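sequence isn't available, so here's the structure alone:
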């Protein structure tokens, strides 16, 4: 099936409410896909577009997590918005990369990492918490590393069941008084920017909530944000497994689910009971999880 082309709109003259913005804000701050080179100081229009072409190619090659997550956030055929159209614009470089299949390139995995995210609601039912402990124990036996967030409920259940390697990402030092060599006590600045790309109302969040969302970036993409987990195991009351079904009921876990979905990482929501367990067994090469 041929890919839908990405129109390039001008925010001054078009209705851009459904478009993906790739320019600068009124304060001059760049969007994740904005051109860091300016006409004038960095050359004429064509020159800065060519410089951007090289810049974007380098960011893709190094799997820059902020740029990559922004590229993955663009929907098929979604228009791009900037301030240049109909004049030549760096958005044309982005559109060309999308048309060339950059999203599939970023989602491609050459091998399993034996790492998974074990997360979910603080209000996970007790019988599911017990199930999470058993799953974590079995995955430890199979050599998997747990990535989680140290919160009450689901996070704690996975950590209690895990007797092997684990990486527990905390939103701030002293969170729930957790400490130890397996704890990473502060999200990186890149983790905040990744979270901002994926959150629908980032500017309305308090600083503490932003830290919690940034912590989710590491749970899914690892310490360097360039090492995605093989899959996510979670529980939310609505059974959400992708960005399209994320709702208010999904809670904060929805941030991690949506990010995993963008990166093509399977999400296994234990609210789906036997279906979820079958999906998990498939993910671990059909090993029996009981």
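Yep, that arrived. Values in this document were obtained by computation on a predicted structure and should not be read as measured data. Numbering: from 1, shown residues only.

for the spatially most central residue of the chain, give me the pLDDT.
Geometric centre of the chain, nearest residue: residue 259, 2.7 Å, by C-alpha atoms, centre = their mean. On pLDDT, residue 259 comes in at 98.

you'd agree it is in a helix?
Yes. Per DSSP: H, G, I helix; E, B strand; the rest coil, residue 259 lies within a helix segment.

how is this protein partitioned into domains?
Domains of the chain are assigned by automatic domain parsing as 8-107, 115-283.

winner for burial among the ones you listed?
Mean neighbour count (mean count of other C-beta atoms under 10 Å) peaks for domain 115-283 among those, with a mean of 19. (C-beta placed from N, C-alpha, C; glycine too.)

show me how far it is from its chain's centre.
11 Å (C-alpha atoms, centre = their mean, to the nearest Å).

next, the distance between the ends of it.
11 Å (C-alpha to C-alpha, to the nearest Å).

now stretch 199-210
9 Å.

show me what the mean pLDDT comes to for that stretch.
94.

and for it, what's in contact with it?
171, 172, 192, 195, 196, 213, 255 (C-beta atoms under 8 Å, 6 or more residues apart in numbering).

need phi/psi at the third one.
Which is residue 192. Per-residue torsions, residue 192: phi -70, psi -40 (degrees, to the nearest 10).

got the contact list for the residue nearest to it when sequence neighbours are not counted?
Residue nearest to residue 192 in three dimensions, not counting chain neighbours: residue 214, with 4.4 Å by C-beta to C-beta, 6 or more residues apart in numbering. By C-beta under 8 Å, 6+ apart, residue 214 lies in contact with 171, 187, 188, 191, 192, 194, 195.

element containing residue 214, please.
Using DSSP states H and E, residue 214 sits in helix 207-221.

C-terminal to that helix, what's the next element?
With elements assigned by DSSP H and E, the helix or strand that comes after helix 207-221 is strand 231-234.

who does the helix or strand of the chain with the lowest mean pLDDT pair up with?
Lowest mean confidence among the helices and strands of the chain (mean pLDDT, DSSP states H and E): strand 183-184, at a mean of 90. When pairing is defined by DSSP bridges, strand 183-184 lines up against strand 166-169 (parallel).
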